[in-house]
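Trainee: Build me a model from this:
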Amino acid sequence: MALTWCIGVRGLMIALSSIAFLRQGTLPDVATAAANARGGTDPTDIFTFWGTVEVEAILRYSRILFPLSVAQLLLCSMLVIGSGLAMTGRRGVRSFTLQTLVANVGLAAVAYALTRVVRADCIETVARFAETLPLDLPQRVAYSSRETLWWILRLRLILVELLPFATGLLILTRPRTKLYFDAVARAAESAEDQ
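Mentor: As a prediction, this is how the structure comes out:
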């Protein structure tokens, strides 16, 4: 339950920061990030440029992303509450937490589908920028391939978004976990009877 609670808190913090950022609407400095990445002294500068371009695209498509962030806030809040209640051994909370995890997986899939334009915009901008870098920079090869950038974002979806939820689902559906929750519920009932 500590794992699902941490997953919920992480999602809650991401949603809160996204909502605050989208409401504030401060434009990032893409020109400075591009100048730093063009220098080629630090290989991570192009990654920073990518993040800046992504933030700019998020602002452009805020009409799509704001409702998704609010939905993430609500679902992750439910996950945090359900995980906290499950740690106390309340009856029925395990199934509630399972349902909340499944809903979060569904939201991640829907958000991925709805934000394709954001990813496409970022990939195109980063790839065009990488093509202007000097030929001797290793970043040029890695970031100018649009297909590679698409795979990086697909892996991010799988490893960062879906894998934690899948791990939580796997743990909560194990027979040993079910036995634990049944034992805790019986202990709580016997304590109430006394």
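
Trainee: Tell me which residues of the host helix or strand of Ile46 come out buried.
Mentor: Ile46 belongs to helix 45-60 when assigned by DSSP states H and E. When neighbours are counted by 16 or more other C-beta atoms under 10 Å, the buried residues of helix 45-60 are found to be Asp45, Ile46, Phe49, Trp50, Thr52, Val53, Glu54, Val55, Glu56, Ala57, Ile58, Leu59. No exception for glycine: its C-beta is placed from N, CA and C like everyone else's.

Trainee: cool, stretch 64-77 as well?
Mentor: Ile64, Leu65, Leu68, Ser69, Ala71, Gln72, Leu73, Leu75, Cys76, Ser77.

Trainee: In contact with the closest residue to the last one other than its chain neighbours, which residues?
Mentor: Which is Ser77. Of all residues not flanking Ser77 in the chain, Leu12 sits nearest, at 6.0 Å (C-beta to C-beta, 6 or more residues apart in numbering). Applying C-beta atoms under 8 Å, 6 or more residues apart in numbering, we find Leu12 in contact with Leu73, Cys76, Ser77, Val80.

Trainee: Arg91 contacts Ala187, doesn't it?
Mentor: No - the pair Arg91 / Ala187 is not scored as a contact, 11.3 Å apart, by C-beta atoms under 8 Å.

Trainee: Which one of the two is surrounded by more residues?
Mentor: Arg91 (14 against 11; other C-beta atoms under 10 Å).

Trainee: mind checking the SS state of that one?
Mentor: Secondary structure, DSSP: H, G, I helix; E, B strand; the rest coil: Arg91 is coil.

Trainee: Apart from its neighbours in sequence, what residue is nearest Gly89?
Mentor: Here the residue nearest Gly89, using C-beta to C-beta, 6+ apart, is Val184, at 3.4 Å.

Trainee: So Pro28, which state does it fall into?
Mentor: Secondary structure, three-state DSSP: Pro28 is coil.

Trainee: Which phi and psi values does it adopt?
Mentor: Dihedral angles phi and psi of Pro28 (degrees, to the nearest 10) take the values phi -80, psi 160.

Trainee: which residues touch it?
Mentor: Per C-beta under 8 Å, 6+ apart, neighbours of Pro28: Thr52, Val55, Glu56.

Trainee: Put together CSV for these, with distance to Leu133 and pLDDT on each row.
Mentor: Formatted as CSV, the contacts of Pro28 follow (distance: C-beta to C-beta, whole Å; pLDDT from 0 to 100):
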residue, distance to Leu133, pLDDT
Thr52, 16, 91
Val55, 21, 89
Glu56, 19, 91
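
Trainee: Sketch out the low-pLDDT regions of the protein for me.
Mentor: Within the chain, the ranges that satisfy pLDDT under 70 run 40-41, 194.

Trainee: now the strands for it?
Mentor: Assigned by DSSP state E, the chain shows no strands.

Trainee: No more questions from me, cheers.
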